[in-house]
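**Student:** Take this sequence and fold it.
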Amino acid sequence: MSRALAEISGLSVHYTPTGGKPVLALDNVSLSISQGEVVGILGESGSGKSTLAAAIMRLLPARTEVTGCIFFEDRDLMSMSERELCAIRGRRISLIAQDPAIALNPVIRVGTQISEVMRAHLNISRNERKQNVQELLCEVGFDDPDRIARAYPHQLSGGQRQRVVIAQAITCQPSLVIADESTSKLDPSLQIQILEVMSRIRRRHGTAMLWISHDPATLAGFADRIVVMHQGRIVELGETNQILHRPQHAYTQKLVGLARELSLDAPMRRGQLEYAN
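**Tutor:** Modelled structure (predicted):
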């Protein structure tokens with residue numbers, strides 16, 4: 001891998017609910033992401049995965065205390081103004097949300113929603129934006145991009161909406177894409193299709209990815225490294241093969257063992273886990 005694209009050092013996040021005591025969501029988290037690398041973030045619900053994604057994007061809610069450092073492309077995200085951050089979000093770092101039905105505006109055609117990302121960040125004409133929308137929809141696997149561009153989100157299937165959200169995320173060819181449980185609501189065959197789309201995007205554009213998942217099977221054969229999180233901390237970090245086949249930490253062993261048990265009657269999921277061999 002090449003030089004570090006993002007460096008996170010000593011990151012801690014406390015949520016302070018109104019009238020309540022502070023809750024530690026991230027505890028001294030440090031990791032790096034190289035250019036073009038896929039880093040999987042693995043852990044159960046409540047382990048801090050989504051908080052990590054929100055912290056990198058600087059999208060944490062009010063009444064949140066954040067300490068530590070987040071550098072991206074040699075720039076300190078923690079010291080940036082909201083205006084500076086808006087110029088980076090969607091342009092240099094993009095987020096693929098967990099639920100595309102929520103991420104997409106239900107009353108705006110999906111082609112327009114993709115085009116709006118370009119209008120915000122790229123100095124190109126309306127015709128160029130329209131052409132780019134067609135090309136992006138083809139890139140994420142649609143063979144009828146014109147029909148998809150004219151459709152409203154409710155007229156598309158869950159897998160189609162997810163592809164549209166991916167097209168939005170890669171519109172400006174960001175150097176880092178953060179995907180927060182982006183395949184968790186899809187069936188295994190659709191999960192594999194989405195991972196294949198993302199692998200093509202990575203190869204074509206050299207895009208780095210932070211891929212958040214509770215399921216080890218989705219990271220097999222896709223992520224270069226896996227970071228295992230538990231109770232807001234990193235408990236294990238290593239190459240994907242090592243984490244999935246020779247886990248050292250007891251928590252990681254339980255996660256991988258449970259995933260293998262669940263895959264016994266699911267050949268598609270079993271194939272995902274075995275693909276890393």
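
**Student:** From here on, just use CA atoms for contacts and neighbour counts.
**Tutor:** OK.

**Student:** mind checking pLDDT for Phe142?
**Tutor:** Model confidence at Phe142, given as pLDDT, is 93.

**Student:** State the distance from it to Val165.
**Tutor:** Separation of Phe142 from Val165 (C-alpha to C-alpha, to the nearest Å): 13 Å.

**Student:** swap in Ile41?
**Tutor:** Using C-alpha to C-alpha, Ile41 is found at 20 Å from Val165.

**Student:** out of those two, which sits in the more crowded spot?
**Tutor:** For Ile41 and Val165, the more surrounded residue by other C-alpha atoms under 10 Å is Ile41, and the numbers stand at 29 against 26.

**Student:** Tell me which stretches of the stretch 1-150 of the chain form helices.
**Tutor:** Taking DSSP state H, counting those that start in this stretch, the helices of the stretch 1-150 of the chain run over residues 49-57, 82-88, 100-103, 110-121, 126-139, 145-150.

**Student:** got the contact list for the helix or strand following the last one?
**Tutor:** So the one you mean is helix 145-150. Using DSSP states H and E, the helix or strand that follows helix 145-150 in sequence is helix 158-169. The contact list for helix 158-169 (C-alpha atoms under 8 Å, 6 or more residues apart in numbering) reads 90, 94-97, 100-101, 103-104, 110, 113-114, 117, 136-137, 139-141, 153, 177, 182, 186, 190, 194.

**Student:** same thing with stretch 10-29?
**Tutor:** 8-9, 30, 47-48, 51-52, 63-70, 231-234.

**Student:** can I get the CA coordinates of it in CSV?
**Tutor:** The C-alpha trace of stretch 10-29 is given here as CSV (Å, rounded to 0.1, in the frame of the first residue of the first chain):
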residue,chain,number,x,y,z
GLY,A,10,-6.2,8.7,20.0
LEU,A,11,-9.8,9.4,19.0
SER,A,12,-12.3,9.3,21.9
VAL,A,13,-16.0,10.3,21.7
HIS,A,14,-18.3,10.9,24.7
TYR,A,15,-22.1,11.4,24.1
THR,A,16,-23.8,13.5,26.8
PRO,A,17,-27.5,13.0,26.8
THR,A,18,-29.6,15.8,28.3
GLY,A,19,-29.7,15.3,32.1
GLY,A,20,-27.6,12.2,31.8
LYS,A,21,-24.1,11.1,32.4
PRO,A,22,-21.5,11.0,29.5
VAL,A,23,-21.4,7.8,27.6
LEU,A,24,-18.0,6.7,26.2
ALA,A,25,-18.7,5.6,22.5
LEU,A,26,-15.1,5.5,21.3
ASP,A,27,-12.1,5.0,23.5
ASN,A,28,-8.6,6.0,22.2
VAL,A,29,-9.1,4.6,18.7
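
**Student:** Return the set of buried residues in it.
**Tutor:** Neighbour counts over stretch 10-29 (16 or more other C-alpha atoms under 10 Å) mark 11-16, 24-27, 29 as buried.

**Student:** and what of stretch 229-249?
**Tutor:** 229-238, 240-241, 243-244, 247.

**Student:** again, but for stretch 36-48
**Tutor:** 36-43, 47-48.

**Student:** Double-check Ala101 against Pro153; I have them as touching.
**Tutor:** Yes: between Ala101 and Pro153 there is a contact under C-alpha atoms under 8 Å: 7.1 Å.

**Student:** quick one, which of the two is more surrounded?
**Tutor:** Neighbour tally, Ala101 and Pro153, criterion other C-alpha under 10 Å: the higher count belongs to Pro153, 24 against 17.

**Student:** if I pick the more buried one, what's in contact with it?
**Tutor:** Contacts of Pro153 by C-alpha under 8 Å, 6+ apart are 101, 104-110, 161.

**Student:** Report the buried members of those.
**Tutor:** Buried, going by 16+ other C-alpha under 10 Å: 101, 104, 109-110, 161, out of the contacts of Pro153.

**Student:** about what we covered before: the buried residues of stretch 36-48: which two are farthest apart?
**Tutor:** Within the buried residues of stretch 36-48, Gly36 and Ser47 form the most distant pair, 25.5 Å apart (C-alpha to C-alpha).

**Student:** What is the end-to-end distance of stretch 237-251?
**Tutor:** Rule used - C-alpha to C-alpha; the end-to-end distance of stretch 237-251 is 12 Å.
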